[in-house]
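Here's a sequence, model it:
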Amino acid sequence: MKSNLRFTLGSTGMQRRSFLQLTLAAPALAYSLPSIGAGTRLPKKSVLVRAGQDRTGQPFQFLEATFTVKVSGKDNGGACVIFDTVRPEKVGPPLHVHKQLDEWFYVLEGEFKFQAGEDTMRLRAGDSLFVPREMAHAFVKTSEGVARLIVMHQPAGTMEEYFRAVSKLPDQSPEARKKMAAEHDTLLIGPPLKPD
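Predicted coordinates:
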């Protein structure tokens, strides 16, 4: 849809003509935007998860980290899933890609090395990183002691189910996880990062 909207800012804001054009165009703009949450059933009450607790009461171990689900995709019509992860060891996932999921990371404690696309960067407590879908990425804890990392996938997809299922595999090698990962929008394409 092509628009001839023109905004002219003066000392009193938009001129009357621009305001009228915007008013006339608003219904068309609203019609062309996708509706948010269409067809999804949202919860009728809030969901509280206490400190150190998992949404289902079942935290799990994966890649030598303890995962607690703070927001499940079941809580929000599949919009996102949020994990709080406690990481004592200097390990991380192999280089991987999500075709349909964006991923966001927020460092609560410790330091991490991340690769996102061609960029390698160091993140410390308070830093966050957004990785869009289809971008190869990996990370590894680099600091001593325990570190904590919040990880969000948007939309939720089946990441919670994948992490819970793969955490029960006796063999945690990338080779053993590769097929199951691909079934959950996670393509393992390279080795893990080294914490050097």
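
The chain: helices as residue ranges?
16-32, 159-166, 174-182 (DSSP state H).

which of those has the lowest average pLDDT?
Lowest mean pLDDT within the helices of the chain: helix 16-32, a mean of 37.

number of nearby residues for the closest residue to residue 83 other than its chain neighbours?
In this structure, residue 83 finds its nearest non-sequential neighbour in residue 151, 4.7 Å apart by C-beta to C-beta, 6 or more residues apart in numbering. Using the backbone N, CA and C atoms, a C-beta is placed for each residue, glycine as well. Using other C-beta atoms under 10 Å, residue 151 has 18 other residues around it.

Residue 151 pairs with what?
Residues in a beta bridge with residue 151, per DSSP bridges, are residue 83, residue 105.

for this structure, what helix or strand is lowest in average pLDDT?
Between all helices and strands in the chain, the lowest mean by mean pLDDT, DSSP states H and E belongs to helix 16-32, at a mean of 37.

And the strands in this structure, which stretches?
9-10, 13-14, 60-62, 65-71, 81-87, 94-97, 102-109, 111-116, 119-124, 128-131, 137-141, 147-154, 187-192 (DSSP state E).

just for the chain, where's the confidence low?
Scanning the chain for pLDDT under 70 picks out 1-43.

ok, now which ones touch the closest residue to residue 158 other than its chain neighbours?
In this structure, residue 158 finds its nearest non-sequential neighbour in residue 184, 4.8 Å apart by C-beta to C-beta, 6+ apart. For residue 184, the contact set (C-beta atoms under 8 Å, 6 or more residues apart in numbering) comprises 157-159, 161-162.

Emit the ChimeraX select command for whichever of those are buried.
In ChimeraX, this line selects whichever of the contacts of residue 184 come out buried by 16 or more other C-beta atoms under 10 Å:
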select :157,158,159,162
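
Fine, thanks again, bye for now.
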